[in-house]
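Visitor: Pasting a predicted model and its sequence here:
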Amino acid sequence: MIDSFCFTPENAEKADVIVSRYPANRKQSALLPLLDLAQRQNGGWLPPSALRFLSETLDVPEIKVYEVASFYTMFNLKPVGQYHLQFCRTTPCWLRGAETIENAACRHLNAKMGETTQDGRFTLSRVECLGACVNAPVLQVNDDFYEDLTEATVVTLLDDLRQGRQPSVGTQVKRQTSAPLVGRCTLVS
Ligand code: FES
């Protein structure tokens, strides 16, 4: 059980630089980047001790730190697996088959949405728009985006991760970044 938290010397220096970007009487504005720094230091999640530490560091009431940390899905208040799978379910991804992608992943990993696999390697979460709608459906794995997914490509992606292979990030079909797919572009004259 983790009952205390403080930044490593290296992260303490980074935190000082971040806080120095804001006026002295506005240092609470550094809360989001410091939550991110703390989460990265702690293996992908924020224990209560980290929230308490940031509350003291930034002179922000602990409940406000909790409010921010619990509002954004980018912050985790429970441990997550080695790979945090964040499935976008907002309208463009949903229309392009997000539900099929989710179901395929849950079946393949034998886990439900919101759970972590028994081997501790994968946590499945559902999130709102990841901002890559043009290449829907989209899955974020830790810091990487995988786009234009299908039932088959998401399974291949999970197998690659399980085998320790780094899948190529971005679109999983032959398109240049977010350019229209050849044969799917309709011109209106
Ligand atoms: S709706 Fe999924 S990335 Fe925007």
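Guide: That came through, no problem.
Visitor: How many residues are close by the closest residue to residue 53 other than its chain neighbours?
Guide: Distances taken as Cβ to Cβ, 6 or more residues apart in numbering put residue 5 closest to residue 53, at 4.7 Å, once the chain neighbours are dropped. Every residue, glycine included, has its C-beta placed from N, CA and C. By the criterion of other Cβ atoms under 10 Å, residue 5 has 17 neighbours.
Visitor: Can you classify residue 5 as helix, strand or coil?
Guide: coil (DSSP: H, G, I helix; E, B strand; the rest coil).
Visitor: Does it touch residue 45 like I think?
Guide: No - using Cβ atoms under 8 Å, residue 5 is not in contact with residue 45; the gap is 11.3 Å.
Visitor: circling back: what distance do you get for the residue nearest to residue 53 to residue 55?
Guide: Separation of residue 5 from residue 55 (Cβ to Cβ, to the nearest Å): 11 Å.
Visitor: One more: residue 61?
Guide: Distance, residue 61 to residue 55, by Cβ to Cβ: 7 Å.
Visitor: Have a look at those two and say which one is more surrounded.
Guide: Taking neighbours as other Cβ under 10 Å, residue 61 and residue 55 compare with residue 55 leading, 18 against 10.
Visitor: name the element that one belongs to?
Guide: Assigning secondary structure by DSSP states H and E places residue 55 in helix 48-58.
Visitor: Check which helices and strands that helix sits against.
Guide: Helix 48-58 sits against helix 31-41, helix 62-71, with contacts defined as 3 or more Cβ pairs under 8 Å, 6 or more residues apart in numbering; DSSP states H and E.
Visitor: Buried residues of it, list them for me.
Guide: Across helix 48-58, burial judged by 16 or more other Cβ atoms under 10 Å covers 49-55, 57-58.
Visitor: Likewise for stretch 97-112?
Guide: 97-98, 101-102, 104-106, 108-109, 111.
Visitor: how far does that stretch sit from the chain's center?
Guide: With Cα atoms, centre = their mean, to the nearest Å as the basis, stretch 97-112 stands 17 Å off its chain's centre.
Visitor: Any figure for the gap between the closest residue to residue 42 other than its chain neighbours and residue 153?
Guide: With Cβ to Cβ, 6+ apart as the criterion, residue 42 has its nearest non-adjacent residue at 6.0 Å, and that residue is residue 50. Going from residue 50 to residue 153 by Cβ to Cβ gives 36 Å.
Visitor: now do residue 101
Guide: From residue 101 over to residue 153 the distance is 9 Å, taken as Cβ to Cβ.
Visitor: which residues do the two both contact?
Guide: Common neighbours of residue 101 and residue 153 are not found (criterion: Cβ atoms under 8 Å, 6 or more residues apart in numbering).
Visitor: circling back: now do the helix holding residue 55: everything it contacts.
Guide: Everything outside helix 48-58 that qualifies as a contact, by Cβ under 8 Å, 6+ apart, is 2-7, 15, 19, 27-28, 30-31, 34-35, 38-39, 42, 60-62, 64-66, 69.
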